[in-house]
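Peer 1: Fold the following and give me the result.
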Amino acid sequence: MVALSLACQGQKEIRPPVSSAFPKVKLGLEVFLEKHLDLIRGKRVGLITNPSGVDSRLQSTVDLLARHPEIQLVALYGPEHGVRGDSQAGEYVPFYIDKKYHIPVFSLYGQSMKPEPGMLKNIDEFMRSFDTRDTEKIPEKSMVKDIDVVVYDIQDVGTRVYTYIATMAYAMQACAESGIDFIVLDRPNPINGTDMEGPVLEYPDYSSFVGLYPVPLRIGLTMGEMARLFNDKFLAKKAKLTVIPMEGWQRTMWYDQTSLPWIFPSPNIPTLDAATVYPGQVFLEGTNVSEGRGTTRPFELFGAPWIDGFELAKNLNGLKLAGVAFREAWFTPTFSKFQGKICGGAELHVVDRTRYRPLATTLNIIKTIRDMYPQDFQFHKDYFDKIMGTAKVREALERGTSIEEITRSFAAGLAGFAELRKAYLLY
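Peer 2: Numbers count the residues shown, from 1 in each chain. You can find the predicted model right below:
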């Protein structure tokens, strides 16, 4: 199983406690408010955020900026799931006025993945274009002609297949085109900043909103570091980018070593456990096997109505995969695949996260289910290949290539990316 790490992997505890070896982490948001208000003082600010945008005391970035006497917050921009996190995966969030602060809220998911010019410049005209029949629909105090600076503050999960990364990149591109400053308030990579896994996306053939640029599946970068890389290497026009680094964060840290409270970044990543398995289990989305959406353990539970959970767990445990164990499970999703139907399957338990390799584990799961149920299992080929960033992995699985050989094929791409990213590391 090939994975690339820039740190020693000798530690064995599942949940290493915070100790003097791991100082308390100060978020980019907190560093920004303490030391860098000069970057936005006297400017009209647009904020891209969601519920994960909080400080270490659980105060939201929206509240901190909207109530600050020296900050003029005039617009909010939401990624997938919305600014308030009240939308499920794939739901389009229309334009609306925030009830608490009476400022416009624009969706950067669905119809407007990239901010339209009117969302940044001539905002009042853009808002009124939604409904010209009711001239009082937009409160007069919400009127603002344009934005001077956009601030981005969202918790990522460290995996390429996550739409917040593309939201940031598209927003940077739009700001570059409109001459607007772009500030990223950095946050931890929750599954550490050393380990990288999986294929490097084949660009531009497999570029999409769930994987824009040629980076590995498990990126090993913070959002601020990705912004620096994207701006330098991939954007057609460079943004006027400023990244506010954290203080106290170390690359080897997992999120539970930071002393920061966990706020789930999206509805189906409720825990660090879910984020830990996501770089592999997300690929079940590209099959007819449930990835556990619609349960209380998304991405940890998996199965289908035609699977025998006892037999599947027995066969998977028989593989003796590093750092993971399987428990037979039955579940009934409340939405998504097999809604309302009893599914047999298993629950994935990470017992040693320093040895566990998410993608290799899930490829073994897929191979095992496919071998056990050849008449039932199906790839959703286009989507599987899109999120994998290549068709080669699926094609290798269909040829019967061993998982070890498939993961070894990632080595050259990972080594090349490790060299590329060096110039953009902040920690």
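Peer 1: Next one: D308 from A274, what distance?
Peer 2: Here the criterion is C-beta to C-beta, to the nearest Å. By it, D308 lies 25 Å from A274. All C-beta spots, glycine's among them, are computed from the backbone N, C-alpha and C.
Peer 1: If you count surrounding residues, which of the two has more?
Peer 2: Remark: of D308 and A274, A274 carries more neighbours, 20 against 15, as counted by other C-beta atoms under 10 Å.
Peer 1: quick one: low-confidence ranges for this protein?
Peer 2: 1-23, 85-94, 110-114, 118, 122, 124-145 (pLDDT under 70).
Peer 1: Break it down into its structural domains.
Peer 2: For the chain, whose domains are defined here by automatic domain parsing, the residue ranges read 28-257, 272-390.
Peer 1: between the ones you listed, which gets nearest to F410?
Peer 2: Of all the domains of the chain, domain 28-257 sits nearest to F410, with 5.3 Å by C-beta to C-beta.
Peer 1: now the closest one, how far from the chain's geometric center?
Peer 2: 12 Å (C-alpha atoms, centre = their mean, to the nearest Å).
Peer 1: and the end-to-end length of it?
Peer 2: 17 Å (C-alpha to C-alpha, to the nearest Å).
Peer 1: let's have the chain start at 18 instead
Peer 2: With 18 as the first residue, the last one maps to domain 45-274.
Peer 1: so where do the helices sit in the stretch 218-367 of the chain?
Peer 2: For the stretch 218-367 of the chain, the helices defined by DSSP state H, counting those that start in this stretch occupy 240-250, 289-298, 326-335.
Peer 1: Output the contacting helices and strands for the strand or helix carrying I200.
Peer 2: In this assignment (DSSP states H and E), I200 forms part of strand 198-202. Packed against strand 198-202 by the contact rule (3 or more C-beta pairs under 8 Å, 6 or more residues apart in numbering; DSSP states H and E) you find helix 45-52, strand 166-170, helix 180-195, helix 240-250, strand 257-261.
Peer 1: Go through the ones you listed and pick out the most buried.
Peer 2: The highest mean neighbour count among the helices and strands packed on strand 198-202, using mean count of other C-beta atoms under 10 Å, belongs to strand 166-170: a mean of 25.
Peer 1: and that strand with strand 257-261, angle?
Peer 2: Strand 166-170 runs at 40 degrees relative to strand 257-261, counting by axes from the mean of the first three to the mean of the last three C-alpha atoms, to 10 degrees.
Peer 1: Residues contacting strand 166-170, please?
Peer 2: 45-46, 56-57, 60-66, 70, 78, 82, 94, 137, 185, 188, 192, 197-202, 204, 240, 244 (C-beta atoms under 8 Å, 6 or more residues apart in numbering).
Peer 1: ok, so what distance separates T211 from A440?
Peer 2: Taken as C-beta to C-beta, the span from T211 to A440 is 17 Å.
Peer 1: which of the two has more neighbours?
Peer 2: T211 (19 against 10).
Peer 1: thinking the more buried one is in contact with Q267, fair?
Peer 2: No: using C-beta atoms under 8 Å, T211 is not in contact with Q267; the gap is 9.5 Å.
Peer 1: Identify the residue nearest the residue nearest the centre of the chain in space, chain neighbours excluded?
Peer 2: Among the residues of the chain, the one closest to the centroid is Y179, at 3.7 Å (C-alpha atoms, centre = their mean). Take Y179 and drop its neighbours on the chain: the residue closest to it by C-beta to C-beta, 6 or more residues apart in numbering is D173, 6.5 Å away.
Peer 1: isn't there a helix covering that neighbour?
Peer 2: No: assigned with DSSP: H, G, I helix; E, B strand; the rest coil, D173 falls outside any helix and is coil.
Peer 1: Name all residues that make contact with it.
Peer 2: By C-beta under 8 Å, 6+ apart, the neighbours of D173 are 179, 181-182, 204, 206-207, 239-240, 243, 282.
Peer 1: Over to the nearest residue to Y113 once chain neighbours are set aside: give its phi and psi.
Peer 2: Counting by C-beta to C-beta, 6+ apart, V122 is the residue found nearest to Y113 once chain neighbours are left out, at 5.4 Å. Backbone geometry at V122, expressed as degrees, to the nearest 10, gives phi -120, psi 120.
Peer 1: Contact partners for the spatially closest residue to F300 that is not a sequence neighbour?
Peer 2: Nearest residue to F300, sequence neighbours excluded (C-beta to C-beta, 6+ apart): T379, at 5.4 Å. If you count contacts by C-beta under 8 Å, 6+ apart, T379 has them with 297-298, 300-301.
Peer 1: Wasn't T379 part of a helix?
Peer 2: Yes: T379: assigned to a helix according to three-state DSSP.
Peer 1: Can you give me the separation between it and V201?
Peer 2: 30 Å.
Peer 1: and if you look at R58?
Peer 2: When C-beta to C-beta is the yardstick, R58 and V201 sit 18 Å from each other.
Peer 1: and these two? which has more neighbours close in?
Peer 2: Higher neighbour count among R58 and V201: V201, with 30 against 10, using other C-beta under 10 Å.
Peer 1: Could you check how far that one is from V299?
Peer 2: Counting by C-beta to C-beta - V201 and V299 are separated by 24 Å.
Peer 1: Spatially nearest residue to A440, not counting backbone neighbours?
Peer 2: Closest to A440 by C-beta to C-beta, 6+ apart is D249, at 7.7 Å.
Peer 1: Touching, that neighbour and K255? I think so.
Peer 2: Yes: in this structure, D249 is within contact of K255 by C-beta under 8 Å, at 7.4 Å.
Peer 1: now the nearest residue to Y390 once chain neighbours are set aside: how far from V42?
Peer 2: Excluding its sequence neighbours, the residue lying closest to Y390 (C-beta to C-beta, 6+ apart) is W323, at 6.1 Å. For W323, the distance to V42 equals 45 Å [C-beta to C-beta].
Peer 1: who's more crowded, these two?
Peer 2: V42 (21 against 16).
Peer 1: helix, strand or coil for I383?
Peer 2: Criterion first, three-state DSSP; result for I383: helix.
Peer 1: my guess is it meets T304, correct?
Peer 2: Yes: judged on C-beta under 8 Å, I383 makes contact with T304 at a distance of 6.6 Å.
Peer 1: so who does I57 touch?
Peer 2: 88, 165-166, 168, 200.
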